[in-house]
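Asks: coordinates only, no sequence provided:
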């Protein structure tokens, strides 16, 4: 019976960071050159979450499945996801629901150890760099989301906040 607490915690931290950015004095801070703004980060996370749910559901249904994050990097798809969610709060609500679904699908008796060990053909890119192009176990995909993807985007969101120490130094 897999423990979904780390996954829940990673989503909670991401959503808390997103709310902090949204509630900041400048809720839509300009990202550094070549980086995403808060809504684009959240849309990307929503797309990654949906791809993970699709892979988990495919394995649970006994279907062949793949895991490919390229669509979650596509600018048009990211902008469409933002438009469909409506706004930053809509993106956060969407991710919250996806987190609940993913935790429900991967926790308890929903998947057996054999299903979690199923190799899934995976292709993962980051900033146009191929990171993975080989089968990964479903467990490793979910662990990567938990331990790398979500924390990385949490840090990316928090980096959008103004540097309070430099703001205080200019007072």
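Replies: Nice, thanks for sending it over. Given the structure is predicted, the values throughout are model-derived calculations rather than measurements. Numbering: from 1, shown residues only.
Asks: next secondary structure after the helix or strand containing residue 115?
Replies: Assigned by DSSP states H and E, residue 115 belongs to helix 113-116. Going down the chain from helix 113-116, the next helix or strand is strand 119-126, by DSSP H and E.
Asks: quick one: name whatever helix or strand follows that following strand.
Replies: Once strand 119-126 ends, the next helix or strand along the chain (criterion: DSSP H and E) is strand 129-137.
Asks: and that next one, which residues are buried?
Replies: Neighbour counts over strand 129-137 (16 or more other CB atoms under 10 Å) mark 132, 136 as buried. Placement of C-beta: from N, CA and C, glycine included.
Asks: on that earlier part again, contacting residues around the helix holding residue 115?
Replies: With CB atoms under 8 Å, 6 or more residues apart in numbering as the test, helix 113-116 has contacts from 2, 59, 60, 106, 137, 138, 139, 142.
Asks: ditto for stretch 75-95
Replies: 11, 14-15, 18-19, 22, 27, 36, 38-40, 42-47, 49, 71-72.
Asks: hmm, back to that, now do the buried residues in the helix holding residue 115.
Replies: Residues of helix 113-116 classed as buried by neighbour count (16+ other CB under 10 Å): 115, 116.
Asks: all helices of the protein, in order?
Replies: Along the chain, counting by DSSP state H, helices occupy 5-22, 38-60, 75-85, 88-106, 113-116, 138-144, 150-158, 164-169.
Asks: any idea what residue 120 is bridged to?
Replies: When bridges are called by DSSP bridges, residue 120 pairs up with residue 136.
Asks: that one contacts residue 144, doesn't it?
Replies: No - judged on CB atoms under 8 Å, residue 120 makes no contact with residue 144 at a distance of 11.5 Å.
Asks: give me the common contacts of those two.
Replies: Common neighbours of residue 120 and residue 144 (CB under 8 Å, 6+ apart) are residue 136.
Asks: pLDDT weak spots in the protein?
Replies: Within the chain, the segments meeting pLDDT under 70 span 1-2, 27, 164-171.
Asks: who touches residue 66 in this structure?
Replies: 55, 120, 121, 122, 123.
Asks: ok, now how distant is the last one from residue 69?
Replies: The reference is to residue 123. 7 Å (CB to CB, to the nearest Å).
Asks: tell me which of the two has more neighbours.
Replies: Neighbours were counted for residue 123 and for residue 69 using other CB atoms under 10 Å; residue 69 has more, 19 against 15.
Asks: count of residues packed around the closest residue to that one other than its chain neighbours?
Replies: Spatially, and ignoring its direct neighbours in sequence, residue 69 is nearest to residue 124 (5.1 Å; CB to CB, 6 or more residues apart in numbering). Neighbourhood size, residue 124 [other CB under 10 Å]: 21.
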